[in-house]
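# Build me a model from this:
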Amino acid sequence: HTRYPLVTGVQTCALPICIGGCIAALALAPYYSVTLIDKDAEPQNKVGESLAPAAIRILKQLNLQHLLSDPRHIVSQGTLSYWGSDEPTLIDNLKNPDGFGWHLDRAYFEKQLREACYTANIHTIWPAQLVDSTKTSHGWKVTYQHNAHAHQLISDIVIDASGRHCVFARQQGIARHQFDKLMSIGFTANLNITKNVAVISHTDDSWWYSAPLHQNDLNAGVYQQKRIFSWYAEPHIIKAAQIHTPQALLQRAQHVTGLGALISQLDHSSAALHPMLAANSSKLESCSGNAWFAIGDSAISFDPLSSQGMFNAMASAMQLSELLINNGLTHTDNRVIYQQQVDKIWQSYLAHRALYYKMVS
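Now for the predicted structure:
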């Protein structure tokens, strides 16, 4: 049974970490003692992740803007959109007041954030599996499995940053509502092109996205770029297509408006299929409770069409952190204020989502 030394007499616990958890920990660490718990010993690889230009504001607040200068993160020159049209519209990041966005090496970015947490002397525990959580008069008693042994941590508040699984919130019996059934399946391949432009294209019953990836596994002088091609549709559409090989998905992609030129420069032998993943819009029934809060995808998950998933994780982590710093951890209004903030973001997201899908209905 452990209670770690506290900076200000109170402790916060974020689990598992992901990007939002690290951002919250780094923002809170100068004011409170923070413990990060994660089930993974190393960040898991996720491909096709983009970061909105506005994220640089958050990283500057934490003095971490240099992380995006690493060559593993590809500067996004913009997006060619065939959304509702056979003629492309260039969404040019040069016009964005925050500058360019990024096609992230997601696992490496999480590793960078973990290193920043080490540097900030934030207590970290991984790999560790959340077993149980109980609210007591002394705070939350969090039980976790680490190195084949059960341990306990007493924390004044808990921040759930566990993504769509929202493991802590589910332990509290909080329901999660899905607003659609969108799924994705994709493949990666090597191409003989150099432009760092994403492509998005709509079909009759689905849509496609392609973007460049970090190319550490390419042979110098042979290929210039590795890309992800992702197909987004309802699960019954994807299952009916019976995609069992990358070639099957590649054949479907080559007939999509805007993707043909990319496919023509693709090395078919390098194509690798990626599994089907959830991409739906969903929301916790309540994103805050008795001394606990959910951030990022744990609270609300967005359709990838918005390209706001990672930015929302970072932004919600900062919003919550500022609230806890300004009001203190135990202020009775924190729960209500944070829920109102999340609800406002969610309603704005739903309105924008409806507008975009109406353009192609």
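
# For the one helix or strand residue 237 maps to, give the mean pLDDT please.
Element membership for residue 237 (DSSP states H and E) is helix 235-241. Averaged across helix 235-241, pLDDT comes to 97.

# So which residues make contact with it?
Taking contacts as CB atoms under 8 Å, 6 or more residues apart in numbering, the residues outside helix 235-241 that touch it are 181, 183, 185, 205, 206, 231, 248, 252, 276. Yep, even glycine has a C-beta here, placed from its N, CA and C like the rest.

# If you count neighbours, what's buried in that helix?
residue 238 (16 or more other CB atoms under 10 Å).

# next helix or strand past that helix?
Downstream of helix 235-241, the first helix or strand assigned by DSSP H and E is helix 246-253.

# helices or strands next to the helix or strand following that next one in the packing?
For helix 246-253, the succeeding helix or strand toward the C-terminus, using DSSP H and E, is helix 260-263. Using 3 or more CB pairs under 8 Å, 6 or more residues apart in numbering; DSSP states H and E as the contact test, no helix or strand touches helix 260-263.

# How about residue 54: what's its closest non-neighbour residue?
Nearest non-adjacent residue to residue 54, counting by CB to CB, 6 or more residues apart in numbering: residue 98, 5.0 Å away.

# re earlier: selecting buried members of the contacts of helix 235-241 in PyMOL, what would you type?
Buried members of the contacts of helix 235-241, defined by 16+ other CB under 10 Å, are picked up in PyMOL with:
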select buried, resi 183+185+206+231+252+276
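
# Turn the contacts of helix 235-241 into JSON lines, columns for pLDDT and secondary structure.
Shown next, in JSON lines, are the contacts of helix 235-241 (pLDDT from 0 to 100; DSSP: H, G, I helix; E, B strand; the rest coil):
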{"residue": "181", "pLDDT": "97", "secondary structure": "coil"}
{"residue": "183", "pLDDT": "98", "secondary structure": "strand"}
{"residue": "185", "pLDDT": "98", "secondary structure": "strand"}
{"residue": "205", "pLDDT": "94", "secondary structure": "coil"}
{"residue": "206", "pLDDT": "97", "secondary structure": "coil"}
{"residue": "231", "pLDDT": "98", "secondary structure": "strand"}
{"residue": "248", "pLDDT": "97", "secondary structure": "helix"}
{"residue": "252", "pLDDT": "97", "secondary structure": "helix"}
{"residue": "276", "pLDDT": "95", "secondary structure": "strand"}
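
# Name the residues of stretch 288-306 that come out as buried.
The neighbour-count check on stretch 288-306 (16+ other CB under 10 Å) flags 288-289, 291-305 as buried.

# quick one: the strands in the stretch 151-300 of the chain?
157-160, 176-178, 183-191, 197-202, 207-213, 225-233, 272-278, 282-284, 288-289, 292-294, 300-301 (DSSP state E, counting those that start in this stretch).

# could I get those strands as TSV with distance to residue 343?
What follows is the strands of the stretch 151-300 of the chain, written out as TSV (distance: least, CB to CB, whole Å):
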stretch	distance to residue 343
strand 157-160	17
strand 176-178	13
strand 183-191	26
strand 197-202	28
strand 207-213	27
strand 225-233	26
strand 272-278	22
strand 282-284	9
strand 288-289	11
strand 292-294	13
strand 300-301	9
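
# Look up how far residue 96 lies from residue 315.
For residue 315, the distance to residue 96 (CB to CB, to the nearest Å) stands at 16 Å.

# Neighbour count for the two, which is higher?
Neighbours were counted for residue 315 and for residue 96 using other CB atoms under 10 Å; residue 315 has more, 22 against 15.

# does the more buried one belong to a helix or a strand, and which?
helix 309-327.

# packing partners for that helix?
Short answer (3+ CB pairs under 8 Å, 6+ apart): helix 309-327 packs on helix 18-28, strand 50-51, helix 55-61, helix 334-358.

# let's see it at 6 Å
Judged by 3 or more CB pairs under 6 Å, 6 or more residues apart in numbering; DSSP states H and E, helix 309-327 is in contact with helix 18-28, helix 55-61, helix 334-358.
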